[in-house]
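One predicted model, sequence on top.
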Amino acid sequence: MGYEGAVTAISARLHNKSIALVRGLSINMPALLFGWVVIASFVCGLRAAFPATPTGDGVERFSTLFPYFFVVGVPVAAILLALRLFPRNELFAQPDIRLARYGKWRAVDCLSARNLPMFGATGLMASLLLGMFINIPVRTMEFLLAVPALGGHAPAWFSTLFLVMVLDVVIVSSLYGFAFVMALRHVPWFPRFLLLVWCLDVLSQLGIAQVVAGADGLPTTVATSLQALLAGNLKKVLVSVALWLPYLLVSDRVNLTYRQRVRD
């Protein structure tokens, strides 16, 4: 087998793996979500069992656990909502205004687009899908490792930071989950929705950094730890944008699947 034949064989093997990955994510979604709820609930329970400040019984103990119901449940609810809003094999209307104008493209009708070999969230798109999906557990575990549970009689600075960190992980993870389903179900609005999520993620990290900088009485060690976490999150978002935004603009597969157009 020559060089070109070897490259073709490797490319075909990787493409088949991407097809299997996307099919597995779609078919096994209920099991994946159930597994996430079980594992995340267990880890959140462990975190809540050792709060930063002591808690009493009854209402105080429940108040320690309460935020983690949102951490675990809201991303799952966002994915389930997206699955309901965007049924499998549904035909979705294209946006009226094109934002991605780079290159020369020719529009194709939705049925013809689905019959072309490049249609679908496979190939490199499968890596983006997987990245958005695993972003939920990764961000959640980083939050659980970095932020202790809020116990009773906590100082004001800690209550404020805990609240904004919970809102960040819940909202951002849910948006990535929603974007994941949009990509999986070939929704035309996916590329611009993901761009919106990236922007909100960056603004969220910068906003929390401002809260950390302005928190009165915040210990230096805590501030340093949180700043490192926020800087890490910000770098990951910017790297994702740098890697995937050009691909979302110029990829033949993306333009066919989500914009229903081919190179002219």
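Cool, the structure landed. Numbering: from 1, shown residues only.

center of this protein - which residue?
Nearest to the geometric centre of the chain sits residue 176, at 2.7 Å (Cα atoms, centre = their mean).

which stretch of helix or strand covers that residue?
helix 156-184 (DSSP states H and E).

For the stretch 1-150 of the chain, give me the ranges with low pLDDT.
In the predicted model, the stretch 1-150 of the chain carries pLDDT under 70 at residues 1-9, 52-62.

how about the strands in it?
Under the criterion DSSP state E, counting those that start in this stretch, the stretch 1-150 of the chain contains strands at 105-107.

Give me the distance between residue 224 and residue 213.
Using Cβ to Cβ, to the nearest Å, one gets 12 Å for the distance from residue 224 to residue 213. Backbone N, C-alpha and C define where each C-beta goes, glycine included.

Could you do residue 150 as well?
For residue 150 relative to residue 213 (Cβ to Cβ), the value is 21 Å.

List the buried residues in stretch 32-42.
By 16 or more other Cβ atoms under 10 Å, the buried positions in stretch 32-42 come out as 33, 36, 40, 41.

May I see the buried residues of stretch 16-24?
Here stretch 16-24 shows 18, 21, 22 as buried, counting by 16+ other Cβ under 10 Å.

coming back round to it: kindly reformat the buried residues of stretch 32-42 as JSON lines containing distance to residue 110.
Below are these laid out as JSON lines (distance: Cβ to Cβ, whole Å):
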{"residue": "33", "distance to residue 110": "29"}
{"residue": "36", "distance to residue 110": "33"}
{"residue": "40", "distance to residue 110": "37"}
{"residue": "41", "distance to residue 110": "41"}
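
Return the closest of these with respect to residue 191.
Nearest to residue 191 among these, counting by Cβ to Cβ, is residue 33 at 24.6 Å.

count of residues packed around the closest residue to that closest one other than its chain neighbours?
Nearest in space to residue 33, with sequence neighbours left out and distances taken as Cβ to Cβ, 6 or more residues apart in numbering, is residue 76 at 5.3 Å. Residue 76 has 19 neighbours, counted by other Cβ atoms under 10 Å.
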